[in-house]
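> Need a 3D model of the sequence below.
(chains A and B)
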Amino acid sequence: MITHATAAAPGAGFRKFFRRKEDHAGSPRLTPVWTFVAWLATLAFFAPVAWMVLTSFHQEADAATNPPSPLAPFTLDQYELLLGRDITPYLVNSAMASVLSTLLVLVLAVPAAYALSIKPVEKWTDVMFFFLSTKFLPAIAALLPVYLIVKDAGMLDNVWTLILLYTAMNLPIAVWMMRSFLAEVPKEILEAAEVDGAGLPTVLLRVVAPVAMPGLAATALICFIFSWNEFLFAVNLTATNASTAPVFLVGFITSEGLFLARLCAAATLVSVPVLIAGWAAQDKLVRGLSLGAVK
Amino acid sequence: MTTLTPARHALRRPPPHRPGRRETVHKWRRRLPLLPALIFTVVVTQLPIVATLVISTLQWNILKPGERHFTGLSNYAAVFTDERLRTAVLNTIVLTASVVIISVVLGLGLALLLDRRFLGRGLARTLLITPFLVMPVAAALLWKHAIYNPDYGLLNGTLNAVYRLFGAENGPTVDWVSNSAMPAVVIALVWQWTPFMMLILLAGLQAQPGDVLEAARVDGASALQTFRHITLPHLRQYIELGVLLGTIYIVQTFDAVFTITQGGPGSRTTNLPYEIYLTMFRKYEYGEAAAAGVVVVIGSIVIATFALRTIASLFREEVSR
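Sure thing, here's the model as predicted:
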């Protein structure tokens, strides 16, 4: 069990991290046949996304043909129509809800993670697991009381309601992620800095920040992704003023009938910010998704 | 285990003494950075659950004002005897189990491939995580309209093209969503969740100690033997983690059901979150919705206990080093 334990949790400390990279580069190659299989599987998974993007550049008439006509002439009409008309306020709401909630999450999570790693409070693991357990509460069970409270407070259809809810939704993930990054700050350097009489701001700026910055960026990107994609609260707590992009997508179908090319353009447009964030954070993505349990 | 005894001995605490004033101040100074996050989390996540518990004991339908009163456990009785809710529980289990099992198997296959070097591996990985990043509502709409649609969806369109290629007049016009609603939802969700499983399992594979694999190779173990006796046992806790986290997220599926099938046809794809949503915003039976919510919370706590145990074991290993 003990050898197994050391094998299963990689990445603590830099030496270990780099050694893993080396092992990784030295891993065996796939044979040509398996390379073909790997690429076939990859393209099969990517095909729906490719189809969505392709359709978004077509005219409506070309998008809804049977059999499909992937080589129809390209156009930017759908994007022009969307951006020229009604999607913009929804995108603004989405951006506000996700960016502001992410900032709020970081403001709360970074000091908390500090108190759970660098200068840990007593029983800090219990606190960690309390945060984690809140992530496992199903949102649907909280929807009714949240709806009633928000309605009583006159906060229905208000972006700030979403900001607060998304902050609560992402805080446990951020605390866990930031703790795992701050725990990588070498203890010896921290102690040496303190012995040399460096004050807290100096320690934070010179010792902690350089190590924790990439982690902070990854945490922010992951919180952004989850808030940007959130649908349950957005659709049930907003109406016209504060609706976000996913609400626009579902409303768009019922109110306008179906326009396949424009739907694909809208779906592509709302997914782009998350695709960029996700690709940028892809090395740290698994750490966020597993709440810091896997690196 | 023998190695642990001296360690525990060394960790024995100094004799307890009464904390002085300075020590108390010191403790609170340490706790201070933690408090805002902790208080915020308690207020926003715990209070609604308490409120749900309270509401679940009330007879409360906003279409019948003035009739709000305490009814004890009768909402729970309704939840467990209501035909629709029992269907919803069953659908939730079928949906969650199928999505989790299929995406773990596919994710494992992809992770095994991506663990090896091949031409364009980095690009393949980037393309493979894309389905997970596409906004869930957008993905559901994409599957419903661009792929499953009987008239111009990609599925029937491709079938049609293939039939014509072989000289037939027209391909079949299958209404995928109505004919096989549950598989339609499952496939769309598997597409989104396989990358998640792949990422976790790939991280597990890459954490395998190289020397053990090397030793197995030197000892003449076949690839299959190495996989069964070394890789699979090593991956076990990563598979567990993927299954448990996946289950917790997928039990809560709302976007896909809301968008692709609206729970239909009939209630064939109505899962618990969607049923609770209907009870709340279509039937306005607040008490019953809250009781069903409590049932979901209890179910989640059961799964979460196992999940937390797995995370705790991974976590302890990390901290102990």
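> The helix or strand encompassing B:Tyr274 packs against which elements?
Taking DSSP states H and E as the criterion, B:Tyr274 maps to helix B:272-281. Secondary-structure packing of helix B:272-281 (3 or more CB pairs under 8 Å, 6 or more residues apart in numbering or on different chains; DSSP states H and E): helix A:139-152, helix A:232-237, helix B:83-115, helix B:286-320. For glycine as for every other residue, the C-beta is placed from the backbone atoms N, C-alpha and C.
> I'd like to know how many residues surround residue 82.
By default, I'm working from chain A. The tally of other residues near A:Leu82 (other CB atoms under 10 Å in any protein chain shown) stands at 22.
> try chain B instead
Neighbours of B:Asp82 using other CB under 10 Å come to 15.
> go on, A:Phe129?
For A:Phe129, using other CB under 10 Å, the count is 15.
> for it, what are its contacts?
B:308, B:312 (CB atoms under 8 Å, 6 or more residues apart in numbering or on different chains).
> any low-confidence regions in the stretch 51-200 of chain A?
Scanning the stretch 51-200 of chain A for pLDDT under 70 picks out nothing.
> Let me fix that, I meant to ask about the stretch 1-150 of chain B.
Checking the stretch 1-150 of chain B against pLDDT under 70 turns up B:1-19.
> Quick one: the helices in the stretch 51-200 of chain B, in order.
B:74-81, B:83-115, B:121-133, B:136-141, B:154-165, B:176-179, B:181-206 (DSSP state H, counting those that start in this stretch).
> list the helices and strands the second one packs on?
So that's helix B:83-115. Under the contact criterion of 3+ CB pairs under 8 Å, 6+ apart, helix B:83-115 touches helix A:32-56, helix B:74-81, helix B:121-133, helix B:181-206, helix B:232-251, helix B:272-281.
> A:Thr161 is nearest to which of these?
Among those, helix B:272-281 comes nearest to A:Thr161, with 16.8 Å by CB to CB.
> C-alpha coordinates for the closest one, CSV please?
Extracted C-alpha coordinates of helix B:272-281, given in CSV (Å, rounded to 0.1, in the frame of the first residue of the first chain):
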residue,chain,number,x,y,z
LEU,B,272,-35.0,13.9,-10.9
PRO,B,273,-33.7,17.5,-11.4
TYR,B,274,-36.1,18.0,-14.3
GLU,B,275,-39.0,16.5,-12.3
ILE,B,276,-38.2,18.8,-9.4
TYR,B,277,-38.1,21.7,-11.8
LEU,B,278,-41.5,20.8,-13.2
THR,B,279,-43.0,20.3,-9.7
MET,B,280,-41.6,23.7,-8.7
PHE,B,281,-42.4,25.9,-11.8
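> Tell me which helix or strand the residue nearest to A:Thr244 when sequence neighbours are not counted sits in.
Excluding its sequence neighbours, the residue lying closest to A:Thr244 (CB to CB, 6 or more residues apart in numbering or on different chains) is A:Ser94, at 4.2 Å. Under the criterion of DSSP H and E, A:Ser94 resides in helix A:87-117.
> Tell me the buried residues in that helix?
A:87, A:90-91, A:93-102, A:104-106, A:108-117 (16 or more other CB atoms under 10 Å in any protein chain shown).
> for stretch B:156-165, same thing?
Buried, per 16+ other CB under 10 Å, within stretch B:156-165: B:156-157, B:159-160.
> Among those, which one sits closest to B:Ile49?
Proximity of the buried residues of stretch B:156-165 to B:Ile49 was ranked by CB to CB; the top entry is B:Asn156 with 45.2 Å.
> could you list every residue that touches that closest one?
A:66, B:149-150, B:171-174, B:176 are the contacts of B:Asn156 under CB under 8 Å, 6+ apart.
> Buried ones among those residues?
A:66, B:149-150, B:171, B:176.
> shouldn't A:His58 be in contact with A:Pro68?
No - A:His58 is not in contact with A:Pro68 according to CB atoms under 8 Å; the separation is 9.8 Å.
> Go ahead and confirm A:Arg29 touches B:Arg116.
Yes - between A:Arg29 and B:Arg116 there is a contact under CB under 8 Å: 6.1 Å.
> Between those two, tell me which one has more neighbours.
Higher neighbour count among A:Arg29 and B:Arg116: B:Arg116, with 16 against 12, using other CB under 10 Å.
> and the gap between the residue lying closest to the more buried one once chain neighbours are set aside and B:Gln262?
Excluding its sequence neighbours, the residue lying closest to B:Arg116 (CB to CB, 6+ apart) is A:Leu30, at 4.4 Å. Per CB to CB, to the nearest Å, A:Leu30 is found 43 Å from B:Gln262.
> and if you look at A:Leu81?
Counting by CB to CB, the gap from A:Leu81 to B:Gln262 is 27 Å.
> who has more neighbours, the two?
Neighbours were tallied for A:Leu81 and for B:Gln262 using other CB under 10 Å; the higher tally belongs to A:Leu81 (16 against 13).
> burial of the nearest residue to B:Phe281 once chain neighbours are set aside, as a residue count?
Spatially, and ignoring its direct neighbours in sequence, B:Phe281 is nearest to A:Asn236 (7.0 Å; CB to CB, 6+ apart). By other CB under 10 Å, the residues close to A:Asn236 number 20.
> Same question for A:Ile253.
With other CB under 10 Å as criterion, A:Ile253 counts 16.
> And what about it, helix, strand or coil?
Assigned by DSSP: H, G, I helix; E, B strand; the rest coil, the conformation of A:Ile253 is helix.
> Contacts only, for it.
A:Ile253 neighbours (CB under 8 Å, 6+ apart): A:263, B:141, B:145.
> Show me which of the residues you listed is closest to B:Met135.
B:Leu141 (9.2 Å).
> count of neighbours near the closest one?
Quick note: B:Leu141 (other CB under 10 Å) scores 27 neighbours.
> what angle separates the helix holding A:Ser94 from helix B:286-320?
Angle, helix A:87-117 to helix B:286-320, by axes from the mean of the first three to the mean of the last three CA atoms, to 10 degrees: 50 degrees.
> Please compute how far the next helix-or-strand element following helix A:87-117 lies from its chain's middle.
Per DSSP H and E, the first helix or strand lying C-terminal to helix A:87-117 is helix A:124-135. Relative to its chain's centre, helix A:124-135 lies at 20 Å (CA atoms, centre = their mean, to the nearest Å).
> What count of nearby residues applies to residue 69?
I went with chain A, as the question did not name one. So A:Ser69, with other CB under 10 Å, has 15 neighbours.
> that's the wrong chain, I wanted chain B
As a burial measure, B:His69 scores 10 neighbours (other CB under 10 Å).
> dump the residue contacts of it.
B:58-59 are the contacts of B:His69 under CB under 8 Å, 6+ apart.
> Of the helices and strands packed on helix B:272-281, which is nearest B:Arg228?
Nearest of the helices and strands packed on helix B:272-281 (CB to CB): helix B:83-115, 12.7 Å.
> Could you tell me the angle between the closest one and helix B:272-281?
140 degrees.
> so helix B:83-115 versus helix B:181-206, what angle?
Relative orientation of helix B:83-115 and helix B:181-206, computed by the same axes, to 10 degrees: 40 degrees.
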